[in-house]
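K.L.:
give me the fold of what follows.
(2 chains)
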Amino acid sequence: MNDARSDLITLVLGIFAVLIFASLVGYVLHRRLSPDGSNSAVENLNARIKAWWIMVIFIGVAFLAGRAGVIILFAFCSFAALREFITLTNTKRADHWALASAFFVVLPIQYYLLWAEEYGIYSIFVPVYAFLLMPIISVLRGDTERFLIRIAEVQWALMICVFCASHVPALLTLNIPGYEERNVLLIAFLVIVVQLSDVLQYVWGKLFGRTKIAPKLSPSKTVEGFAGGVASATLIGASLWWITPFTPLQAGLLSLVITLMGFFGGLVMSAIKRDRGVKDWGNLIEGHGGLIDRLDSVVFSAPIFFHLVRYWWSLT
Amino acid sequence: MEGLIAKPVAIAIVLFARAITAVRAIWANDGLPPRRCVYFANHSSHGDFILIWTVLPPRLRGQARPVAGADYWLRSPLTTFIGREVFNAVLIERDRERRTQDPVEQMAAAIDAGSSLILFPEGTRNQTDEPLLPFKSGLFHLAAARPGIDLVPVWINNLNRVMPKGEIVPIPLICTVTFGSPIRLEPGETKDGFLARARAALISLSPRHSGGSE
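P.N.:
Numbers count the residues shown, from 1 in each chain, chains lettered A, B, ... in the order given. Here you go, the predicted model:
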C-alpha cells in the first residue's frame, strides 16, 4: 500500500466519522422534534445526510478505481448537469443539432482529451472550438428568432457543465514534483473544502443567521452564515495541508479562494434559477434538488483552483 | 420466440428512456390509479406512450396497452414486432372509409379483457404552438360504451423538445409525467361538454398552466 492510498483511506475514514456524527445528530433531532416526520427542516436535513452518504460512497469508489473511475464519474456529472441546464433554457427546434452535438460530441471529446492529458487542446476546446461551432450549427437552420439568447444559453451550459466541471478531474493531469501518484488527493481537497463550506454556511446560517446577504437571490444565505462558513471551511482546508503539496498557510489561502468562488458560484446559479422561475435545478439528489444544486460551487472554484495550482506548483 | 425477445427489448426501451429523460412521475393526490383505467394524454412525440409506460410501476405497466394507429405500426416487420409484441398495442384503423373494425369496440374489448388503455385523444401529434389540439370523439364514445371506467388525464412535459417530429437523435432533457385525478362521463353529459371537460382536465396539468417552468 503506497502513501497516497493510505492517506486516501485515512481521509475516507475521517469523512465517514463526520457522516456518522451527522447521522446521529439527524437521528436525535428526528426523535426530539419530528417523531412523526412533520418538521420539514429536520426531514430535509436527514434526506440530505442520507444523500451525502450515497455521494461519498460514489466518489470513494471512483477514487479507488483510479483515473478511469474519476473521469467517468465527472463525465456522468457533466452529462446530468448539462441535461438539467438545457432543460431550463429557451432553445428551439432549430437548435436540435447544436444540442445533440453538445451532448454527444463536445462532452465526450472534452473528457477524452482529459484522458489523453492533452492540456493544450482541452483547455481551449470548449471556449474556442465549441463556442464557434454551436452558433454555426444552429444558424444553418435559418431561424433567427432570439438567436443570441439561444446560442448564449447553449454556450453557457457547455462552459458551466462541461468545461468548468471537467477541471475537477483535470487536477489529475498536473505534474507536481514530489507529489506524483497523489493527485487524486487534490480533488479530494477541492471537493471537501467546497462542500464543507456549503454545509458550514448552512449550519452557521441556521444557528446565527440574522442579516440576509442577498435576499433577492437566495433568502437562506446570511452574512453570519457566509462569514462563519468561509472562515471555518478555510481553517479546515488549512488543516488538510498534509494531503496536498501546499504548506498549511498556502492550503488555507487556496481554501479561502475556493470557498469565495464557491459562494459566488452558488449566487450566480441561484440567479439563473430565479430567472427561470424554479426552486431547484432538478430532482436527482433527494433533499438537495438537482445535481447542479450540489455542483454549483464546485464548478466555479474548480477552474480557478486548477490554474492557481498549475501556475505555481506544476511543471506541465 | 418473439415473446422471448420482446421482454428484453421492452426493458432496454425503458432503460434508454430513463437514461435520456431522467423521467419522473408526479402522481395525483389520490396516488396511483387503483384499478384498470384509461390514461388519456397529450401527444407530441413518438415517445409519449413509452414515457407513460416507463413511469408506471411494473404491476400497472403490464396491464397498460397503448392505442395506436395500425397504418403507422404495421408498415414494416420491425414496427409490427415492436407495436404488437413489445408494446402489445391495440392497433386501430384510423381511416374511416377503409376500416373493417370499429375502434371503440376494439378498445372496449381490451378493457373487458382486463387491460388499461393509453389513449391520445388528439388523434395525431401536436405540432402547433397550442398546448393541445381539439379532441377526437373516440374518448367520449369509449366512456359512453364503458361508463364505469376511470379516465385518468396524463400530461407529458418536455418530450416534444427531446425528439421533435422528423428528428432522429434525441436530446437528453428532463421530462415529467403528471397524473391527474380520474374523471368519468356524467349521466346525460353531451359529447361536446364531456370532451371540453376532459380537455380542460388535461390542460390543467400542464406546467405552463400551473405556473411552473416548462
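K.L.:
wait, A:D280 sits on A:E286?
P.N.:
No - with contact defined as C-beta atoms under 8 Å, A:D280 does not reach A:E286; the gap is 11.1 Å. From N, CA and C alone the C-beta is placed, and that goes for glycine too.
K.L.:
return the per-residue confidence for B:S210.
P.N.:
On the pLDDT scale, B:S210 is placed at 51.
K.L.:
do B:I183 as well
P.N.:
pLDDT at B:I183 comes out at 91.
K.L.:
quick one: residues contacting it.
P.N.:
By C-beta atoms under 8 Å, 6 or more residues apart in numbering or on different chains, the contact set of B:I183 is B:D150, B:L151, B:P153, B:R197, B:A198, B:A201.
K.L.:
how far away is the fifth one from B:F179?
P.N.:
Separation of B:A198 from B:F179 (C-beta to C-beta, to the nearest Å): 14 Å.
K.L.:
B:E122 touches B:S137, doesn't it?
P.N.:
No - B:E122 sits out of contact with B:S137 when judged by C-beta under 8 Å, with a separation of 11.9 Å.
K.L.:
tell me the first helix or strand C-terminal of the longest strand belonging to chain B.
P.N.:
With DSSP state E setting the assignment, residue counts place strand B:150-157 as the longest strand in chain B. Later in the chain than strand B:150-157, the nearest helix or strand by DSSP states H and E is helix B:159-162.
K.L.:
now that following helix: average pLDDT?
P.N.:
Here helix B:159-162 scores 90 as its mean pLDDT.
K.L.:
so which elements touch it?
P.N.:
Applying 3 or more C-beta pairs under 8 Å, 6 or more residues apart in numbering or on different chains; DSSP states H and E, one finds that helix B:159-162 contacts helix B:2-21.
K.L.:
now the angle between strand B:150-157 and the helix it packs on, please.
P.N.:
50 degrees (axes from the mean of the first three to the mean of the last three C-alpha atoms, to 10 degrees).
K.L.:
so how far is helix B:2-21 from its chain's centroid?
P.N.:
18 Å (C-alpha atoms, centre = their mean, to the nearest Å).
K.L.:
repeat that for stretch B:188-204.
P.N.:
17 Å.
K.L.:
buried sites along it?
P.N.:
B:F194, B:L195, B:A198, B:R199, B:A201, B:L202, B:I203 (16 or more other C-beta atoms under 10 Å in any protein chain shown).
K.L.:
and the helix or strand A:Y112 falls within, which residues are buried?
P.N.:
Per DSSP H and E: A:Y112 is located in helix A:107-115. With burial defined by 16+ other C-beta under 10 Å, the residues of helix A:107-115 counted as buried are A:L107, A:I109, A:Q110, A:Y111, A:L113, A:L114, A:W115.
K.L.:
returning to that earlier point: okay, B:E122 and B:S137: which has more neighbours?
P.N.:
B:E122 (21 against 15; other C-beta atoms under 10 Å in any protein chain shown).
K.L.:
assumed that one was part of a helix.
P.N.:
No - using DSSP: H, G, I helix; E, B strand; the rest coil, the assignment for B:E122 is coil, not a helix.
K.L.:
quick check: closest non-adjacent residue to it.
P.N.:
B:L133 (4.2 Å; C-beta to C-beta, 6 or more residues apart in numbering or on different chains).
K.L.:
wait, what's in contact with the one you found?
P.N.:
Contacts of B:L133 (C-beta under 8 Å, 6+ apart): B:E122, B:G123, B:T124, B:N126.
K.L.:
and those, which are buried?
P.N.:
Applying 16+ other C-beta under 10 Å to those flags B:E122, B:G123, B:N126 as buried.
K.L.:
and the first one, how close does it get to B:D192?
P.N.:
B:E122 sits 16 Å away from B:D192 when distances are taken as C-beta to C-beta.
K.L.:
circling back: please tabulate the contacts of B:L133 in a markdown table, including the columns pLDDT.
P.N.:
Output for the contacts of B:L133, formatted as a markdown table (pLDDT from 0 to 100):
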| residue | pLDDT |
| --- | --- |
| B:E122 | 90 |
| B:G123 | 82 |
| B:T124 | 82 |
| B:N126 | 83 |
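K.L.:
so how far is the one helix or strand A:G225 maps to off the chain centroid?
P.N.:
Counting by DSSP H and E, the element that carries A:G225 is helix A:223-239. Mean-position distance between helix A:223-239 and its chain equals 18 Å (C-alpha atoms, centre = their mean).
K.L.:
show me where pLDDT drops low in chain B?
P.N.:
B:1-3, B:208-214 (pLDDT under 70).
K.L.:
helices along that one, start to end?
P.N.:
Remark: helices assigned in chain B by DSSP state H are B:2-21, B:48-55, B:58-63, B:70-73, B:77-81, B:103-112, B:138-145, B:159-162, B:191-203, B:207-210.
K.L.:
how many residues are close by the residue lying closest to A:P177 once chain neighbours are set aside?
P.N.:
In space, A:P177 comes closest to A:L315 once its chain neighbours are excluded; the distance is 6.5 Å by C-beta to C-beta, 6+ apart. Using other C-beta under 10 Å, A:L315 has 8 neighbouring residues.
K.L.:
got the residues of the stretch 201-316 of chain A near chain B?
P.N.:
When proximity is defined by C-beta under 8 Å from any C-beta of the partner chain, the stretch 201-316 of chain A lies next to chain B at A:R276, A:G277, A:V278, A:G282, A:N283, A:L284.
K.L.:
closest to A:I243 among these?
P.N.:
For those, the minimum distance to A:I243 (C-beta to C-beta) is 28.5 Å, reached by A:L284.
K.L.:
what's the neighbour count on the closest one?
P.N.:
Look at A:L284: counted by other C-beta under 10 Å, it has 22 neighbours.
K.L.:
give the contact list for it.
P.N.:
Contacts here follow C-beta under 8 Å, 6+ apart; on that basis A:L284 touches A:A80, A:E84, A:G290, A:L291, B:A22.
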